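K.L.:
Sequence below, structure please.
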Amino acid sequence: MNLAQQNRAYFALLNVGATTFRVALDTASADLWLVSTQCTTDVCKAVPRYPLQYESGTFVSVNNNSTTFSVSYSDGTGAEGFVAKETVQLANLTVSNQVFGLMTSSNVTLSDDISGIFGLGFPRLSSVSSTVTNSTPFFVQLAQQGVLNYPVFGLSAIDSSVVTNVTDVGWHKVVEFAPIGTTSNVSSYLQWAIPLDSFAVNGSSLVPSPTYPNITNNASLAMFDVGNNGIYGPYPDVSRLFAAISGSRLVDTNLGLWAIPCDTLVPISFTFGEQTLTLQPTDYLIGPASDNPDLCLSWPGATSPSPDGIDWQMEYVLSLFSYGINTKEPPMIGFYPLKNATNTTESAALISSFLSSASATVATTLPNSLLSTPTYTTPPYTFNSSFSAPTGGIVSTELANSTYSPIFAEYATNISAMPTIAPTNALETYIITDTSGVVTTITSTASIASVTLGIPPGWISGPFGRFPMSISLFIYVLPSF
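P.N.:
Numbering: from 1, shown residues only. Just a heads-up that it's a prediction; the model follows:
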């Protein structure tokens, strides 16, 4: 699983039927969907599409393709289509009759030949499961069938020199959510969210202000979303954070963006339990403003109160996600520090080099006067806090041919029971020593084997779309006279 261009999305290659697609990974949703050849919007035609005209031997229609499916996102985009079943393969892991969405209309911006979204969230987030029976999400189905060594997955975007020992992983229990209304047949696990204890600027700690302190036990909740580009927090907390950075100013109240001097050197950190994630300027600076290159837009962005009680949305760090085991072990998130522990500061030269290598300045016009921080009325809480959903991890024991035993809930993590996680390196590091003894370290994106996307075997692309390719040999024998 690799990082897409411009650090915008993680993607994976999936075989859906006989066709390979690149899909963006999303831990804040649970369904798989692809754009199909019935979607003729510009955003769809720009990427490989599932070829409905190709008669896949493993394709199974659901209600004659009449069961509708739709998704919507916080930026106002969305997609619509229908539900179907196909054989889906990720690396050497295969699920037959996997339910997924085939989109016939979409305005979701897709790039880097990404054809859809692959949700890795909890089943409670699945829209398909509410309309189609026996439609467990892909990864959960693998775990329930006992195909996996353990119901945990990890993503990587950094060199293995940073991740040297699994004992460095800090594990944090995922928070539970009450049901909506009086529904009792849903799991209490909804999002990959954990409590945020504090945040700090240059070592000066601040205590977050939760939106619903009486419901969340005075804890501010932070969601880790691999599909999220950037860091977001509530206006009161983000305002206090930037107040601690000299020269900062609010420049866009609609987007909740602050600008700070581009030569800012101070680190920003977030503490979860006993573990602190530290961001250096190259982690949180977005880029110079086009009309004032001395000021840089910066994360975190500020948002209005969310009715689900999630205050912070964290950009992805190197993490492990464990789905847990019913009655034995809760779901957990484990993560490493974002940076190597020896890299505690960044030099002005390094930050300047980072900004100069940015693709472009951020096209924005900064206001001529200082803006006031907006205030919001807290919306009603979405969930029924007086009614509890069932607890426990989502993966049952004694299913299929495997029985899972807990390895994270022990006082000391059972490292010997932890399955080895060795994904293909996304980055390659080269250490070069010149004739004068100066050592230079260069990190570059690892090469990826070429693969044809969106075209089944034996098909070619033409001006009218993709069609089967067949070669016939005609022999015409002239009659003799």
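K.L.:
Ramachandran coordinates for I117?
P.N.:
I117 adopts backbone torsions of phi -120, psi 140, taken as degrees, to the nearest 10.
K.L.:
Repeat that for the one 4 residues further on.
P.N.:
Here the main-chain torsion angles of G121 (degrees, to the nearest 10) amount to phi -80, psi -180.
K.L.:
How many neighbouring residues does it have?
P.N.:
Residues lying near G121 (other Cβ atoms under 10 Å) number 24. All C-beta spots, glycine's among them, are computed from the backbone N, C-alpha and C.
K.L.:
I'd like to know which elements the helix or strand hosting I333 is packed against.
P.N.:
Using DSSP states H and E, I333 sits in strand 332-335. Other helices and strands packing on strand 332-335, by 3 or more Cβ pairs under 8 Å, 6 or more residues apart in numbering; DSSP states H and E, are strand 170-173, strand 319-322.
K.L.:
check contacts around the closest residue to S304 other than its chain neighbours.
P.N.:
Nearest non-adjacent residue to S304, counting by Cβ to Cβ, 6 or more residues apart in numbering: Y376, 4.6 Å away. Listed by Cβ atoms under 8 Å, 6 or more residues apart in numbering, the contact partners of Y376 are Y235, S304, P305.
K.L.:
Equivalent analysis for F242, please.
P.N.:
Taking Cβ under 8 Å, 6+ apart as the test, what F242 contacts is S248, L250, W258, I260, S298.
K.L.:
Repeat that for L257.
P.N.:
L257 touches L250, V251, L297, S298, G301, A302, counting by Cβ under 8 Å, 6+ apart.
K.L.:
Settle this for me: the first one is touching L366, isn't it.
P.N.:
Pointing back at L250 there. No: using Cβ atoms under 8 Å, L250 makes no contact with L366, being 10.3 Å away.
K.L.:
element containing the residue positioned nearest the centre of the chain?
P.N.:
When Cα atoms, centre = their mean is applied to the chain, the residue found nearest the centroid is V226 (1.9 Å). Secondary structure assignment for V226, by DSSP H and E: no helix or strand.
K.L.:
What sits closest to L250 if chain neighbours are left out?
P.N.:
L371 (4.5 Å).
K.L.:
For the one you found, give its distance to D311.
P.N.:
22 Å (Cβ to Cβ, to the nearest Å).
K.L.:
For those two, indicate the residue with more neighbours.
P.N.:
Comparing L371 with D311 by other Cβ under 10 Å, the one with more neighbours is D311, at 26 against 13.
K.L.:
Residue ranges in the protein under the pLDDT threshold?
P.N.:
1-9, 156-167, 184-185, 316-317, 337-344, 358-365, 390-430, 441-449, 460-481 (pLDDT under 70).
K.L.:
Out of the contacts of F242, flag the one nearest to A46.
P.N.:
A46 lies nearest to S298 out of those, by Cβ to Cβ, at 30.8 Å.
K.L.:
In the sheet, which residues pair with that closest one? Tell me.
P.N.:
W258, L285 (DSSP bridges).
K.L.:
So L190 is in contact with S126, correct?
P.N.:
No: assessed by Cβ under 8 Å, L190 is found out of contact with S126, at 11.1 Å.
K.L.:
Name the residue in L250 and L366 with the higher neighbour count.
P.N.:
Of the pair L250 and L366, L250 is the one with more neighbours under other Cβ under 10 Å, namely 20 against 15.
K.L.:
When L190 and S126 are compared, which one has more neighbours?
P.N.:
Counted by other Cβ under 10 Å, L190 and S126 do not tie: L190 has more neighbours, with 25 against 21.
K.L.:
before we move on, the earlier item: and the contacts of Y376, which of them are in strands?
P.N.:
The strands, defined by DSSP state E, take in nothing from the contacts of Y376.
K.L.:
Closest to S72 out of these?
P.N.:
Nearest to S72 among the contacts of Y376, with distances taken as Cβ to Cβ, is S304, at 17.7 Å.
K.L.:
what's the burial count for the closest one?
P.N.:
15.
K.L.:
G233 is in contact with that one, correct?
P.N.:
No: at 11.3 Å, S304 and G233 do not qualify as touching, with contact defined as Cβ under 8 Å.
K.L.:
In the stretch 251-400 of the chain, what residue spans correspond to helices?
P.N.:
281-284, 348-356 (DSSP state H, counting those that start in this stretch).
K.L.:
Of all these, which one is nearest A91?
P.N.:
From the helices of the stretch 251-400 of the chain, taking Cβ to Cβ, the stretch that ends up closest is helix 281-284, at 29.5 Å.
K.L.:
What is the burial count for V71?
P.N.:
By other Cβ under 10 Å, the residues close to V71 number 20.
K.L.:
got the contact list for the helix or strand that contains it?
P.N.:
Element membership for V71, per DSSP H and E: strand 68-72. Residues from elsewhere that reach strand 68-72 (Cβ under 8 Å, 6+ apart): 29, 31, 33, 78-83, 101-103, 108, 117, 127-128, 131.
K.L.:
Nice, that's everything, thank you.
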